[in-house]
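Peer 1: any chance you could fold what I've pasted below:
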Amino acid sequence: MIEYFNSLGLEQPFLRLLLFTLISIIIGIVIRFVFFKALFILNKKDDRKFVKLLERRFTGSIFLFIPMLIMHNMIPGFELNENLTEWLLLISESLIIASFTIVAVRLVYFLQDVLNQKFNTDRADNIKERQVITQIIFIRKIVIFLIVMIGLCLFLLQFDGVRKYGATFLTSAGVAGIIIGLAAQKTIGNLLAGLQIAFTQPIKIGDAVLVENEWGWIEEINLTYVVVRIWDQRRLVLPITYFTEQTFQNWTRNSADIIGSVFLYTDYTVPIEELRKEFESILGSTDLWNKNSQVLQITDCTEKAMQIRLLMSAKDSPTAWDLRCLVREKMLVFIQEKYPNALPKTRLEMNQSSDSNA
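Peer 2: Sure, this is the predicted structure:
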């Protein structure tokens, strides 16, 4: 290679290095283009979605890995001074480790994308799918954390100082482990709670929950915290140990179906059978009702009014909320139009005294 550059009149080492760097980058671009083009040709049209996922995840990462690998093997032959050669080799090794770490992380993300394609969470009854997706996401986070830590260790081991005192570090690892363990008890507890949640699954991605008197959906399950998306688009961030130590409501633990209730307060003169017929008519005219439950009952009576409870089922909690609002509104309109005198009222009966009659 050196003789070839000399034949071109490139006797300066830095010019040769610069030119070969450009050649390495071009080689990386060509290899990447040929690799994905071959995958597109070899795969049928129906299977190309996975190739597209691979291309999307690895855009740019192979760029750095291949040129640095070529450069690292060729740098000793550029006849540079010894110190500069050592520094260039150190830089190229660092970039190779960094690019390999990036490739490994993106490969994990690609595997997650492939698995996500096999589980459809868009359908109504998606409990099993959400269970698997929750486990995949948590395992992905742990694997990426380990990959990054290994990459960081390999990067540090390039330096003589780190290698020189490596034995000392290992000797004091027991003491350091105890100190770190005491100082990071809460963090370690969060990690263990995360593992417990990932596999016992009291919550899953997409579950409807009631926590801290707030209703929302589980949006993220991270290594140490959970993000709950509240119904009004706020985000409630809780430590992951909250879901192993505190009481909360999970409305979609085994099924997304839920029963909603509406309470009406009317006078004793309202005809219950007419209300029941109207209630059945309202439910029959909307797609929000899943046709599983339908009940109208008088649940309480006071000196002023009676309490009527209407129960109805829906496929999930957001639909149940909309259905409850619809039924409440239409039932009130029905009473106002048909039986306005049956709305709650306070009775006051006045009798003339015997003195006034006299």
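Peer 1: and the contacts of stretch 146-156?
Peer 2: Around stretch 146-156, the neighbours that count as contacts under C-beta atoms under 8 Å, 6 or more residues apart in numbering are Ser94, Ile97, Ala98, Phe100, Thr101, Ala104, Val105, Val108, Val162. Placement of C-beta: from N, CA and C, glycine included.
Peer 1: mind jotting down where the helices sit in the chain?
Peer 2: Secondary structure of the chain (DSSP state H): helices at 2-7, 13-42, 48-57, 61-74, 82-118, 127-156, 160-164, 166-171, 173-183, 185-200, 242-245, 272-284, 317-338, 354-357.
Peer 1: so which of the ones you listed is nearest Ile308?
Peer 2: Nearest to Ile308, of all the helices of the chain, is helix 272-284, at 6.8 Å by C-beta to C-beta.
Peer 1: now the closest one: buried residues?
Peer 2: Applying a neighbour-count criterion of 16 or more other C-beta atoms under 10 Å, the buried positions in helix 272-284 are Leu275, Arg276, Glu278, Phe279, Ile282, Leu283.
Peer 1: cool, stretch 254-271 as well?
Peer 2: Of the residues in stretch 254-271, those buried under the neighbour-count criterion (16+ other C-beta under 10 Å) are Ala256, Asp257, Ile258, Gly260, Val262, Leu264, Thr266, Asp267, Val270.
Peer 1: mind picking the two most distant members of those?
Peer 2: With distance counted by C-beta to C-beta, no two of the buried residues of stretch 254-271 lie farther apart than Ala256 and Asp267, which are 37.7 Å apart.
Peer 1: Phe145 and Asn222 touch, don't they?
Peer 2: No - if you go by C-beta atoms under 8 Å, Phe145 and Asn222 don't touch, sitting 10.9 Å apart.
Peer 1: now the buried residues of helix 272-284 in TSV, please, with extra columns for distance to Thr302 and pLDDT.
Peer 2: Formatted as TSV, the buried residues of helix 272-284 follow (distance: C-beta to C-beta, whole Å; pLDDT from 0 to 100):
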residue	distance to Thr302	pLDDT
Leu275	18	93
Arg276	21	93
Glu278	23	93
Phe279	22	94
Ile282	26	94
Leu283	27	93
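Peer 1: coming back round to it: dump the buried residues of stretch 254-271 into TSV; add distance to Ile137 as well.
Peer 2: Formatted as TSV, the entries for the buried residues of stretch 254-271 read as follows, by distance: C-beta to C-beta, whole Å:
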residue	distance to Ile137
Ala256	20
Asp257	25
Ile258	25
Gly260	30
Val262	37
Leu264	44
Thr266	49
Asp267	54
Val270	52
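Peer 1: which of those sits closest to Asp207?
Peer 2: Checking the buried residues of stretch 254-271 one by one against Asp207 (C-beta to C-beta), the nearest turns out to be Ala256, at 9.1 Å.
Peer 1: do you know how far that closest one is from Met306?
Peer 2: 33 Å (C-beta to C-beta, to the nearest Å).
Peer 1: how about Val226?
Peer 2: In this structure, Val226 and Met306 are 43 Å apart, going by C-beta to C-beta.
Peer 1: nearest residue to the most centrally placed residue in the chain in space, please, no chain neighbours.
Peer 2: Note on the chain: the residue nearest the mean C-alpha position is Glu220, at 3.7 Å, using C-alpha atoms, centre = their mean. Among residues not flanking Glu220 along the chain, Val227 sits closest, at 3.9 Å (C-beta to C-beta, 6 or more residues apart in numbering).
Peer 1: who's in contact with that neighbour?
Peer 2: Applying C-beta under 8 Å, 6+ apart to Val227 gives the contacts Ile218, Glu219, Glu220, Arg235, Leu236, Val237.
Peer 1: rerun at 10 Å
Peer 2: Applying C-beta atoms under 10 Å, 6 or more residues apart in numbering to Val227 gives the contacts Gly216, Trp217, Ile218, Glu219, Glu220, Ile221, Arg235, Leu236, Val237, Leu238.
Peer 1: ok, and the most crowded of the residues you listed?
Peer 2: Ranked by neighbour count under the definition other C-beta atoms under 10 Å, the contacts of Val227 are headed by Ile221 with 24 neighbours.
Peer 1: shouldn't it be in contact with Ile197?
Peer 2: Yes - in terms of C-beta atoms under 10 Å, Ile221 counts as a neighbour of Ile197; the distance is 6.6 Å.
Peer 1: any shared contact partners between these two?
Peer 2: Between them, Ile221 and Ile197 share the contacting residues Thr134, Gln135, Phe138, Ile203, Lys204, Ile240, Phe243, judged by C-beta under 10 Å, 6+ apart.
Peer 1: any idea how far the residue nearest to the centre of the chain is from Ile147?
Peer 2: For Glu220, the distance to Ile147 - C-beta to C-beta - is 20 Å.
Peer 1: try Leu283
Peer 2: Separation of Leu283 from Ile147 (C-beta to C-beta) stands at 53 Å.
Peer 1: repeat for Ile91
Peer 2: Using C-beta to C-beta, one obtains 22 Å as the distance from Ile91 to Ile147.
Peer 1: check contacts around Asp316.
Peer 2: Taking C-beta under 10 Å, 6+ apart, we find Asp316 in contact with Ala124, Asp125, Gly206, Ala208, Trp251, Thr252, Ser255, Ala256, Asp257, Ile258, Asn290.
Peer 1: one more time with 8 Å
Peer 2: Contacts were defined as C-beta under 8 Å, 6+ apart; by that measure Asp316 touches Ala124, Ala208, Thr252, Ala256, Asp257, Ile258.
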